[in-house]
Every structure is written in C-alpha cells, then in structure tokens.
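Novice: coords please:
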Amino acid sequence: MLSTYSDLAGRTAVITGGSRGIGAQTARMLAAQGVNVAIVGRDKNALDAVVAEIAAAGGTAVAAVADVTSAAALAEVRTLVQDRIGPVDILGAFAGGQGMPVPSADLSEARWRAVLDSDLTSSFLTVREFLPGMAERGRGSIITMSSSAGRQPSRANLAYGVANAGLIMMTRQLATEFGPHGVRVNAIAPSSIRTEKVAANMSEPVQRQVAGLHPMRRLGTTTDVAEAVLFLASDASCYLTGLTIDIAGGRITN
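Specialist: Numbers count the residues shown, from 1 in each chain. Prediction:
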C-alpha cells in the first residue's frame with residue numbers, strides 16, 4: 001500500500017537522474033500524487049519512455065535532456081520547466097552514482113575530478129539553479145541524494161565517498177541558510193538498492209549475500225527510496241530540514 005499525500009497535488013517537481021532507477025521511480029510516484037514532473041537526464045530515449053509511462057497512467061511529465069554538470073544546461077532546464085509546467089516546488093537532485101570500486105592508490109586525478117563533478121558539483125549546480133526561485137516564493141522542498149558510502153567507509157572508490165559526505169554537509173549548510181526563507185533541504189542516503197543496474201551486474205547469490213548484511217535481510221527497492229522522498233517533499237515533513245535519512249534496512253553506522 002503506497003502512501004498518499006494529498007497536499008502534493010498540483011505542485012511541480014524536477015528530478016535529475018530521472019531516466020532510470022531511483023529517479024525514474026520517484027518521478028512515477030510523484031506523478032501518481034498529482035505532481036507535475038520534469039525528469040532530467042542525458043538519455044533521451046529513456047527519459048521519453050518514463051514520460052510516456054507517466055502519461056499513460058494519467059500523470060503530467062516532461063523530459064529535459066541535459067548534462068547536469070553544466071550550469072548553462074541547467075539554466076535551460078529551469079526555463080523549459082517554468083514555461084511548460086510552472087515554478088518548481090520540489091527538487092530531487094539525484095544524478096550521480098559513480099561508485100565503482102578503485103583502490104585509492106590507483107585513483108587517477110582525472111577520475112577523482114570526474115566523480116566529484118558527477119556526484120557533488122552536479123548537485124550543487126542543480127540546487128543553485130532552482131533555490132533562488134523557491135526562496136523568493138517562500139516555500140520549497142529540496143532532496144539531495146547521498147549514499148551510505150558518504151556515511152561510513154565502503155568498497156566504493158574514495159572520490160565517491162568524499163562526494164557523498166560533501167553532499168550531506170551541503171544539505172545541512174543550505175538548510176541552515178534557507179530555512180528562514182521557507183525552503184527545506186534534506187538528504188537521503190540509500191544503501192543497497194536493487195535498481196536495474198544492480199540487478200544486471202550483481203549475481204543473485206551476491207545479492208542474497210549483501211541482503212544478509214542488513215537487519216531486514218533484503219535489498220532495498222526503488223519504491224522504498226521514493227516513499228521517503230515523497231514524505232520529505234510533502235507537508236507531512238514540514239518541520240524537518242537539514243536531515244540525512246538512511247534508507248538502509250537498519251544497517252546504519254553513526
């Protein structure tokens with residue numbers, strides 16, 4: 001039974017990294033709540049497929065093809081979204097995911113910079129583009145996508161862990177700065193989520209082994225994550241800001 005947040009109906013959301021996985025499922029579930037959704041990514045065909053799926057279910061969605069490490073591209077996205085579906089009330093900065101393991105001694109400067117651009121700078125640029133409008137209107141909910149790798153050491157490469165830890169501090173800093181303007185900023189930190197990518201690249205025995213490391217003895221689903229996003233986007237969480245919510249089936253290290 002999926003949660004219902006009637007206050008979300010009629011609002012406008014932008015979800016980066018929206019072509020697949022957590023971003024796509026979040027877009028679907030927001031649209032099912034009556035939110036007008038813009039999904040942003042680089043794969044036009046994948047974006048169009050999600051938009052078509054949302055439209056077939058009676059929702060409203062638009063696609064924006066953009067590289068979110070580019071400030072100029074994000075400015076074009078903001079203009080498109082405002083013209084097509086209105087000012088943005090909800091922002092999910094979900095692009096990234098460059099966590100492939102690399103020994104730290106072998107991590108090249110180029111790879112370090114690429115991961116920080118993909119997983120940290122992209123979120124900064126995305127938030128910077130939409131935050132002023134929210135502050136001017138006196139309301140908004142921003143959700144950033146960190147990771148369990150930003151909460152504790154992991155097998156992910158060093159740059160990915162550093163980028164995701166940086167996202168958590170960025171979230172707290174922005175929440176402090178923009179709380180007086182009516183804008184809430186929170187982060188989610190998923191652990192082992194069974195996305196399409198995980199299903200394709202991790203064998204079933206390994207998935208079972210990883211699931212066994214979590215107290216709930218299963219991998220998370222994209223719906224598990226999207227449910228948390230809907231809560232943070234809605235007025236049900238109106239007094240919550242600056243938080244990082246671990247979506248980790250109980251596997252949390254403070």
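
Novice: mind listing what the closest residue to Pro190 other than its chain neighbours touches?
Specialist: Once flanking residues are discounted, Pro190 sits nearest to Ile247: 4.6 Å by Cβ to Cβ, 6 or more residues apart in numbering. Just so you know, the C-beta spots here come from the backbone N, C-alpha and C atoms, and that holds for glycine as well. By Cβ atoms under 8 Å, 6 or more residues apart in numbering, Ile247 lies in contact with Ile188, Ala189, Pro190, Ser191, Ile193, Gly220, Asp224, Val225, Ala228.

Novice: Look up phi and psi at the fourth one.
Specialist: Looking back up the chat, that one is Ser191. Ser191 adopts backbone torsions of phi -100, psi -120, taken as degrees, to the nearest 10.

Novice: What's the local residue count around the closest residue to it other than its chain neighbours?
Specialist: Spatially, and ignoring its direct neighbours in sequence, Ser191 is nearest to Ala248 (3.6 Å; Cβ to Cβ, 6+ apart). By other Cβ atoms under 10 Å, the residues close to Ala248 number 21.

Novice: try Ala38
Specialist: 28.

Novice: ok, now Ala55?
Specialist: Ala55 - counted by other Cβ under 10 Å - has 13 other residues nearby.

Novice: try the one 3 residues further on
Specialist: Using other Cβ under 10 Å, Gly58 has 9 neighbouring residues.

Novice: Could you check the pLDDT of it?
Specialist: What the model reports for Gly58 is a pLDDT of 97.

Novice: mind checking the SS state of it?
Specialist: Three-state call for Gly58 (DSSP: H, G, I helix; E, B strand; the rest coil): coil.

Novice: Phi first, then psi, for it.
Specialist: phi 90, psi 10.

Novice: I figured Ser19 was touching Leu47, is that so?
Specialist: Yes - using Cβ atoms under 8 Å, Ser19 is in contact with Leu47, at 4.9 Å.

Novice: Spit out the residues that contact these two alike.
Specialist: Residues touching both Ser19 and Leu47 by Cβ under 8 Å, 6+ apart: Ile39, Gly41.

Novice: Spell out the residue ranges of the strands in this protein.
Specialist: 12-16, 36-41, 60-65, 90-93, 140-145, 183-190, 244-247 (DSSP state E).

Novice: Dump the last one to CSV, keeping only the CA atoms.
Specialist: What follows is strand 244-247, C-alpha atoms only, in CSV (Å, rounded to 0.1, in the frame of the first residue of the first chain):
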residue,chain,number,x,y,z
THR,A,244,20.0,12.8,6.2
ILE,A,245,17.7,9.8,6.2
ASP,A,246,19.5,6.4,5.9
ILE,A,247,17.5,4.1,3.7
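
Novice: and the closest residue to Ala135 other than its chain neighbours, what pLDDT?
Specialist: Closest residue to Ala135 apart from its sequence neighbours, by Cβ to Cβ, 6+ apart: His181 at 3.9 Å. His181 is assigned a pLDDT of 98 by the prediction.

Novice: Identify the residues contacting His181.
Specialist: Met134, Ala135, Gly138.

Novice: Against Gly86, how distant is the first one?
Specialist: By that I understand Met134. Met134 sits 13 Å away from Gly86, going by Cβ to Cβ, to the nearest Å.

Novice: Those two: who's more crowded?
Specialist: Per other Cβ under 10 Å, whichever of Met134 and Gly86 has more neighbours is Met134, with 24 against 13.

Novice: List the buried residues in stretch 109-116.
Specialist: The neighbour-count check on stretch 109-116 (16 or more other Cβ atoms under 10 Å) flags Arg111, Trp112, Val115, Leu116 as buried.
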